[in-house]
Structure formats: structure tokens, C-alpha cells
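Q: No letters, just coordinates:
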């Protein structure tokens with residue numbers, strides 16, 4: 001069973017300093033048909049104006065992953081972590097019993113474009129923690145690179161949820177394959193370019209949910225490279 005979530009159907013708000021698109025219900029955007037997919041609860045695509053950002057605010061009991069597409073994102077949190085993430089970096093924060101943080105555009109002249117992901121954890125009230133790792137274009141080129149997982153295998157960031165998160169960058173016409181176990185589910189989010197997934201064409205901003213299938217072929221379908229994320233979910 002395949003369901004496509006088109007980019008233009010997402011929730012969209014332009015606050016001036018923030019242009020944001022919500023794949024699933026979030027904040028003031030509510031759609032009972034799209035409350036999440038399995039443990040994937042939030043998938044927001046944000047563009048933040050130069051020098052602007054999200055002031056200090058709190059979270060708890062959520063696995064939060066940030067993936068930057070353009071620009072630089074400055075992070076600070078109550079665990080004394082401070083960093084700037086750029087394209088190729090994957091940032092992870094497990095909110096657990098509670099953490100406060102801020103995210104700002106690190107540039108005064110250029111916008112930052114990034115995706116923020118929230119995944120429900122396998123248990124509540126765990127100790128907060130933070131992780132960050134680099135997966136540059138070479139690491140993702142022509143393959144599905146495991147960037148985060150519940151087991152931390154293959155050099156991925158270990159998260160507290162039964163999810164395998166892959167990132168990929170395919171040249172036009174290039175393809176990659178993935179097999180998942182029976183009973184698991186797949187969400188594909190296209191970040192750049194166009195992609196064919198088992199005969200279904202999706203483009204930048206589109207999402208694709210799959211259940212009851214175990215074999216997948218991803219092929220860059222346009223004239224430009226395709227960058228995308230794949231979530232293998234329980």
C-alpha cells in the first residue's frame with residue numbers, strides 16, 4: 001500500500017522570518033489524516049531568514065533530528081552543547097526528561113534551509129542526550145547511507161527508537177535498493193530533485209508512505225541529482 005503526500009498539500013506558514021512546511025500536523029496546523037506515520041511524528045521543512053531563529057524553548061520525550069540543506073544552523077541547549085551545523089551534518093537531540101534549546105540562522109546575510117524531524121522514543125523519562133555526525137556528499141553518493149538507527153550500527157547515530165534513517169544522493173539515472181523486514185513500514189522524503197520509488201514519481205517536498213512491501217528501488221528521475229531521506233519504521 002502506497003500513499004503519496006504531495007509537497008503542495010502540506011501545511012504552509014510564512015511568518016516573514018520563517019517559511020515553514022509541515023508534512024504532519026504541527027503547532028497551529030492540524031489535519032487528522034496526517035498526524036504522523038508510525039513513530040515518525042514531525043517532519044518540517046524550514047527556511048529561516050538571516051540572523052533569525054527559534055528562541056530558547058523546551059521539549060521532552062522526543063527524538064529530534066536536524067538535517068541542513070543550505071546555510072548554517074546554530075544550536076545551543078541546556079546540556080551545554082553549542083554547535084553550528086551545515087550541509088552534510090546530522091544533529092540529534094534526545095529530549096528525554098526535558099531539555100531547553102535554541103536554533104538560529106548562523107548567518108546575517110544568507111538564509112538557512114533545513115529539515116527538522118521528531119520521532120517518538122521507545123520509552124519516556126530517559127536522560128537527555130546529544131549527538132552530531134558528518135555524512136558528506138561522498139558518504140551518501142550512489143547509496144543509502146545509514147545516518148541514524150536504534151542500534152547505532154554502521155557508524156550511524158544511535159537513537160532511542162526502532163527506526164533506521166538513511167540519507168542518499170543519486171545522480172540522474174542512478175539507483176539504489178533497500179530491503180526491509182516484513183511488517184515494517186517505509187517513509188520517503190524527497191529533499192531535492194525527483195525520484196522514482198517502485199514506479200512512483202515523487203519530487204522535492206513530496207513524501208511517500210509504504211506498508212506491506214519489503215523490496216524498494218530508488219532511482220533519480222530528473223535532470224538533476226536527487227537527495228532524499230528514507231525512514232524504515234517498526
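A: Sure thing, it's come through. Computed from a prediction, not measured in an experiment: that's the story for all the values here.
Q: got a list of what residue 100 touches?
A: Going by Cβ atoms under 8 Å, 6 or more residues apart in numbering, residue 100 touches 56, 57, 58, 59, 77, 78. C-beta here means a position set from N, CA and C on the backbone, and glycine is covered the same way.
Q: In TSV: these, plus distance to residue 117 and secondary structure.
A: Output for those, formatted as TSV (distance: Cβ to Cβ, whole Å; DSSP: H, G, I helix; E, B strand; the rest coil):
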residue	distance to residue 117	secondary structure
56	20	strand
57	17	strand
58	18	strand
59	13	strand
77	17	strand
78	20	coil
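Q: Show me which of those residues are buried.
A: Among the contacts of residue 100, those scoring as buried are 59, 77 (criterion: 16 or more other Cβ atoms under 10 Å).
Q: with the contacts of residue 100 in mind, which one is nearest to residue 157?
A: Using Cβ to Cβ, residue 77 comes nearest to residue 157 of those, at 15.9 Å.
Q: Report the beta-bridge partner residues of the residue lying closest to that closest one once chain neighbours are set aside.
A: Leaving aside its sequence neighbours, residue 77 sits nearest to residue 101 (Cβ to Cβ, 6 or more residues apart in numbering; 3.7 Å). Judged by DSSP bridges, the bridge partners of residue 101 are residue 57, residue 77.
Q: any idea how far the residue minimising distance to the centre of the chain lies from residue 107?
A: Geometric centre of the chain, nearest residue: residue 117, 4.6 Å, by Cα atoms, centre = their mean. Computed as Cβ to Cβ, to the nearest Å, the residue 117 to residue 107 distance reads 22 Å.
Q: shouldn't residue 190 be in contact with residue 226?
A: Yes: at 6.9 Å, residue 190 and residue 226 qualify as touching, with contact defined as Cβ atoms under 8 Å.
Q: Show me the shaky parts of this structure.
A: Low-confidence segments of the chain (pLDDT under 70): none present.
Q: Show me the helices in it, by range?
A: Taking DSSP state H, the helices of the chain run over residues 137-140.
Q: about what we covered before: run a quick check on the residue nearest to the centre of the chain versus residue 45, I expect a contact.
A: No: using Cβ under 8 Å, residue 117 is not in contact with residue 45, being 10.3 Å away.
Q: tell me the domain boundaries of this protein?
A: Using automatic domain parsing, the domain parsing of the chain gives 10-134, 138-233.
Q: is it true that residue 119 touches residue 38?
A: No: at 9.2 Å, residue 119 and residue 38 do not qualify as touching, with contact defined as Cβ under 8 Å.
Q: who has more neighbours, those two?
A: Applying other Cβ atoms under 10 Å to residue 119 and residue 38 shows that residue 119 carries more neighbours, namely 28 against 20.
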